[in-house]
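*Asks:* Build the 3D model from these lines:
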Amino acid sequence: MFRSLAALALIFSTTVAAAQEVPAYIGSAKCATCHEAQAEAWNGSDHQLAWTEPSADTVKAGFDGTAFQNDDISVAFSQDDAGYHATITESDGTTTTRDLHSVAGVEPLQQYLFETEPGKLQSFDVVWDTEEGLWYHLYPDQSLPLGDGMHWTGPYKNWNARCAECHATGFEKNYDPATRSYQSTEAEIGVGCEACHGPGEKHLEWAENRQPVTMAGLDSLGFTMPTGAETEAWMQQCAGCHSRREAFGDGNPLPGTPYHDAYRLAMLTPDLYFPDGQIREEVYVYGSFLQSKMYAKGVGCQNCHDPHSTKLRAEGNAVCAQCHSPAGNPDFPSLRKAEYDSPAHHFHAEGSEGAQCKNCHMVERAYMGVDERADHSFRIPRPDLAAATGAPDACTACHGDRTPDWAADQIAARYPDSPHRGPHFGTTFAQAASDPAGALPGLLGIAGDETEADLVRATALYLMAGAGDAKLADDTAKFLADDSPLLRSAAVRLQRNADPQLRVQRLLPLLSDPVRMVRMSAVPDMLGAPIAHLPAKIAETLRRAADEWQQSLSNRLDFPETHLVLGGTALTMRNLPAAAGAFRTAVTLDPQRAEAWVMLVRLEATLNGREAAEKAVADGLAAIPGQPDLEAMKAELDQLPVE
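*Replies:* Residues are numbered from 1 along each chain as shown. Below you'll find the model as predicted:
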């Protein structure tokens, strides 16, 4: 029926699956009328204050005549009967007074949102340090003029697209690519009861008549997230916001949606994590926790955190001693019972910073300037890996005047028979960054090691792509049928170097995989595949998967990076005009996307000739002065003979 999936690419299907009937949201205030204790714990929590309307109770910053200035921006903050305001003078001298729309967060910093166009909210880069009581800039070392994609008015600071989903309940982005405008809606700003439990309309009906709910997709109490869900399901519910990921939908997935049906989890890539899996950039916990032995043994978020107050269940080392103690914890019988909160274990004075479990096993890094986030991989310190991985270690984070070698010697002396100093995936991941081919045997070993976390194994597959060939495609084909969706998904891209017929045979089953993330991975790697006269049933599977993939892309058309994907897809199809249009949109949304400018110049030269290419080069250099690739292209064009 279809010669290839290319016939479907970039044509968003009019076929839409029947939407699941969804109960209405009723608001946290209604929930609180029955669930008083939970509501009292939630009130004032980080969840409740994740996004608020401006008021004397919610605005922590000094809007009473305070000011901020650096080399690029000057801001005067004011307050009157009409509300809160910021008069902003940009680096080019442009001055605009903005009315405060709403407030994000509560501590240790608070960020402020301005409506720059009707319905379009932007998060301001000048924020309030709630502990020091002063304004500061999130990116003090960057010079970001108006028009830069990373400027506070640019696409990467857009609240509707990048932030609101995790700061609201029942959020829908509603972006219109034709007008590049937003008509976003939410049931409630802030993370309310229904953000985790699901819309409450049918539960309210159950509360009134006590009759089991029979509506499809709901439990007997009327929730999309079953009240008695297992630890793993609640973990995935938390992970929807507490992870670095790519979303498939237009806003909040219904609570209870399996994580991998709603998101693609980021791998342990060098831009986000150190080679040994420690946090580098802001990754929001989940990817770290999946690496931990605690997760492997069934520990979940709620074992340590109260989900309503968001506070720890105990203070200091007591939260760890719930399990790590001579008494142990009957819920985790495999845990060795021993005294950990003592100098015999940590070799530091009781009550000192060095005696705190988190300082050795949950090293913190500061994000957004002042926000200390703890690494949730709960790792044993490995300063002996520092030289090979370049990763930090807990010991020298405190003992700044010492070296990792010193720390490694200290640990070896204190734990001479430790089983925790053997080979580590981090050394292989570090090698893969500079020598993928040399690291390939080690990466294959890690991918096949079932004692490693699935995320580590999937990352090993991801890192193999730089050394991909037909043999590697054959060697890793077995992972396409692995029990873990992370491995099935990661193995897909390694089939790009397989014999085309084999690639089709191997990937076709994944188009009907029960996990959406896997299906989303398989579709783009089927583009251009030699598929002729498929049986009707297989053709229908292909069409449904392509529709689903295209719909996911259509939900992110306000992302410059989406148009890079569309441009690449169009090139795969050999649809050069569509590719040029996609790359043009990418640089319209973010003029600093050098890779898009380069492709656009090449396409303009092919489609419209030298003059069009010269204009594209000039436009690109105006947006990114001195960009090396564009300068080289300009030089090449200048050397061509005049027609």
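
*Asks:* end-to-end on stretch 476-487?
*Replies:* Distance between the boundary residues of stretch 476-487 (CA to CA, to the nearest Å) amounts to 10 Å.

*Asks:* ok, residues contacting that stretch?
*Replies:* 260, 265, 444, 447, 454-455, 457-458, 461, 464, 488, 490-492, 494-495, 498, 506-507, 509-510, 513, 515, 517-518 (CB atoms under 8 Å, 6 or more residues apart in numbering). (C-beta placed from N, C-alpha, C; glycine too.)

*Asks:* which among the residues you listed end up buried?
*Replies:* 260, 265, 444, 447, 454-455, 457-458, 461, 464, 488, 490-492, 494-495, 498, 506-507, 510, 513, 515, 517-518 (16 or more other CB atoms under 10 Å).

*Asks:* and those, which of them are in strands?
*Replies:* Secondary structure assignment by DSSP state E places residue 265 of those in strands.

*Asks:* Off-centre distance for stretch 279-298?
*Replies:* Put simply, stretch 279-298 sits 13 Å off its chain's centre (CA atoms, centre = their mean, to the nearest Å).

*Asks:* I'd like the average pLDDT over stretch 432-441.
*Replies:* Summarised as a single mean, pLDDT over stretch 432-441 is 95.

*Asks:* Now the most centrally placed residue in the chain, what are its backbone angles?
*Replies:* For the chain, the residue sitting closest to the mean C-alpha position, by CA atoms, centre = their mean, is residue 244 at 2.1 Å. Per-residue torsions, residue 244: phi -90, psi 120 (degrees, to the nearest 10).

*Asks:* try the one 3 residues further on
*Replies:* The phi/psi pair for residue 247 (degrees, to the nearest 10) reads phi -90, psi 140.

*Asks:* distance of it from residue 257?
*Replies:* 11 Å (CB to CB, to the nearest Å).

*Asks:* Centre of the chain to the lengthiest helix in the chain, how far?
*Replies:* What stands out as the longest helix in the chain, according to DSSP state H, is helix 536-554. Here helix 536-554 shows a centroid-to-chain-centroid distance of 25 Å under the convention CA atoms, centre = their mean.

*Asks:* in it, what's buried?
*Replies:* Those would be 541-553, for helix 536-554 by 16+ other CB under 10 Å.

*Asks:* ditto for stretch 281-297
*Replies:* Buried, per 16+ other CB under 10 Å, within stretch 281-297: 283, 284, 285, 286, 287, 288, 289, 290, 291, 292, 294, 295.

*Asks:* Show me which of those residues is closest to residue 64.
*Replies:* residue 284 (33.8 Å; CB to CB).

*Asks:* I figured that closest one hits residue 238, correct?
*Replies:* No - with contact defined as CB atoms under 8 Å, residue 284 does not count as touching residue 238 (10.1 Å).

*Asks:* doesn't residue 364 make contact with residue 375?
*Replies:* Yes - using CB under 8 Å, residue 375 is in contact with residue 364, at 7.3 Å.

*Asks:* ok, the two, which is more surrounded?
*Replies:* residue 375 (25 against 15; other CB atoms under 10 Å).

*Asks:* For the spatially closest residue to that one that is not a sequence neighbour, give me the backbone phi and psi.
*Replies:* Using CB to CB, 6 or more residues apart in numbering and skipping the chain neighbours, the partner closest in space to residue 375 is residue 279 (4.8 Å). Here is the backbone geometry of residue 279 (degrees, to the nearest 10): phi -70, psi 140.

*Asks:* Please work out how many residues are found near residue 279.
*Replies:* 25.

*Asks:* Also residue 619?
*Replies:* Neighbour tally, residue 619, other CB under 10 Å: 18.

*Asks:* Assign a three-state SS to it, would you?
*Replies:* Following DSSP: H, G, I helix; E, B strand; the rest coil, the label given to residue 619 is helix.

*Asks:* Distance of it relative to residue 604?
*Replies:* 10 Å.

*Asks:* wait, residue 176 sits on residue 183?
*Replies:* Yes - between residue 176 and residue 183 a contact is recorded at 7.1 Å, counting by CB under 8 Å.

*Asks:* Kindly export the longest helix of the chain (C-alpha atoms) in PDB.
*Replies:* The C-alpha coordinates for helix 536-554 follow below in PDB (Å, rounded to 0.1, in the frame of the first residue of the first chain):
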ATOM      1  CA  ALA A 536      -3.300  -4.400   4.700                       C
ATOM      2  CA  LYS A 537      -2.900  -5.300   8.400                       C
ATOM      3  CA  ILE A 538       0.800  -4.200   8.500                       C
ATOM      4  CA  ALA A 539       0.100  -1.100   6.400                       C
ATOM      5  CA  GLU A 540      -2.500  -0.100   9.000                       C
ATOM      6  CA  THR A 541      -0.100  -0.600  11.800                       C
ATOM      7  CA  LEU A 542       2.400   1.500  10.000                       C
ATOM      8  CA  ARG A 543      -0.100   4.300   9.400                       C
ATOM      9  CA  ARG A 544      -1.300   4.400  13.000                       C
ATOM     10  CA  ALA A 545       2.300   4.600  14.300                       C
ATOM     11  CA  ALA A 546       3.100   7.300  11.800                       C
ATOM     12  CA  ASP A 547       0.000   9.300  12.800                       C
ATOM     13  CA  GLU A 548       1.000   9.000  16.400                       C
ATOM     14  CA  TRP A 549       4.500  10.200  15.700                       C
ATOM     15  CA  GLN A 550       3.400  13.100  13.600                       C
ATOM     16  CA  GLN A 551       0.900  14.100  16.200                       C
ATOM     17  CA  SER A 552       3.600  14.200  18.800                       C
ATOM     18  CA  LEU A 553       5.700  16.400  16.600                       C
ATOM     19  CA  SER A 554       2.700  18.700  16.000                       C
END
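
*Asks:* Can you name the residues in contact with the helix or strand just after it?
*Replies:* Heading C-terminal from helix 536-554, the first helix or strand you meet, by DSSP states H and E, is helix 560-572. Contact with helix 560-572 is made by 6, 9-10, 149, 155, 524, 527-528, 553, 556-557, 576, 578-583, 585-587, 589-590, 593, 595-596, 599, as judged by CB under 8 Å, 6+ apart.

*Asks:* Go through helix 560-572 and flag the buried ones.
*Replies:* Applying 16+ other CB under 10 Å to helix 560-572 flags 560, 561, 562, 563, 564, 566, 567, 568, 569, 570, 571, 572 as buried.

*Asks:* In the next helix or strand after that helix, which residues are buried?
*Replies:* Using DSSP H and E, the helix or strand that follows helix 560-572 in sequence is helix 576-589. Residues of helix 576-589 classed as buried: 578, 579, 580, 581, 582, 583, 584, 585, 586, 587, 589 (neighbour count, 16+ other CB under 10 Å).

*Asks:* Out of the residues you listed, which is nearest to residue 405?
*Replies:* The closest of the buried residues of helix 576-589, once distances to residue 405 are taken by CB to CB, is residue 586, at 46.4 Å.

*Asks:* Pull the contacting residues for the closest one.
*Replies:* Contacts of residue 586 by CB under 8 Å, 6+ apart are 560, 561, 563, 564, 567, 593, 596.

*Asks:* between these, which is closest to residue 430?
*Replies:* residue 561 (26.5 Å).
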